[in-house]
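>>> Structure of the sequence below:
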Amino acid sequence: MNPNNTRVYRMSFASVYLLYLAKAQKKGRTKAEVDEIIFWLTGYNAQTLQQHIDQKTDFENFFAQARLHPNASKITGVICGYRVEDIEDKLMQQVRYLDKLIDELAKGKAMEKILRK
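Sure thing, here's the model as predicted:
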């Protein structure tokens, strides 16, 4: 496992969630939209998401407990210089899926397109 990946996996989801919110809100998007994306990708709801935030769950456990959406594999494109569909490390791919969806939100993409319906 890449040491940089280990560092990402140990980061608390709560700390990154705040960055996701800031990025989206700076572009006129809402917390509700950020949450909807997270719910869609992970299968969490408002209560379970809040529990992960309150418990400062790390990314590894955050995704280990998630039920990834069946259409998650339709998430493609480049984020942080990597094509998400080509990332071999499954956990890193899941983290980058979420990064990619939040990025699309901040770029003004419609929710129907972001959620791969």
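>>> Give me the longest helix you can find in this protein.
Counting residues, the longest helix in the chain under DSSP state H turns out to be helix 90-106.
>>> Show me what the mean pLDDT comes to for it.
Averaged across helix 90-106, the pLDDT comes to 96.
>>> so how far is the helix or strand following it from its chain's centroid?
Remark: after helix 90-106, the chain's next helix or strand is helix 111-114, criterion DSSP states H and E. Taking C-alpha atoms, centre = their mean, to the nearest Å, the mean C-alpha location of helix 111-114 is offset from the chain mean by 14 Å.
>>> Other residues contacting helix 111-114?
Residues from elsewhere that reach helix 111-114, judged by C-beta atoms under 8 Å, 6 or more residues apart in numbering: Glu33, Glu36, Ile37, Leu101, Glu104, Leu105. Every C-beta, even on glycine, is put in place using the N, C-alpha and C of the backbone.
>>> So for it, what gets flagged as buried?
Applying a neighbour-count criterion of 16 or more other C-beta atoms under 10 Å, the buried positions in helix 111-114 are Ile114.
>>> Retrieve the pLDDT associated with the closest residue to Ala46 other than its chain neighbours.
Sequence neighbours aside, Asp35 is the residue nearest to Ala46 in space, at 6.9 Å (criterion: C-beta to C-beta, 6 or more residues apart in numbering). Note for Asp35: predicted pLDDT of 98.
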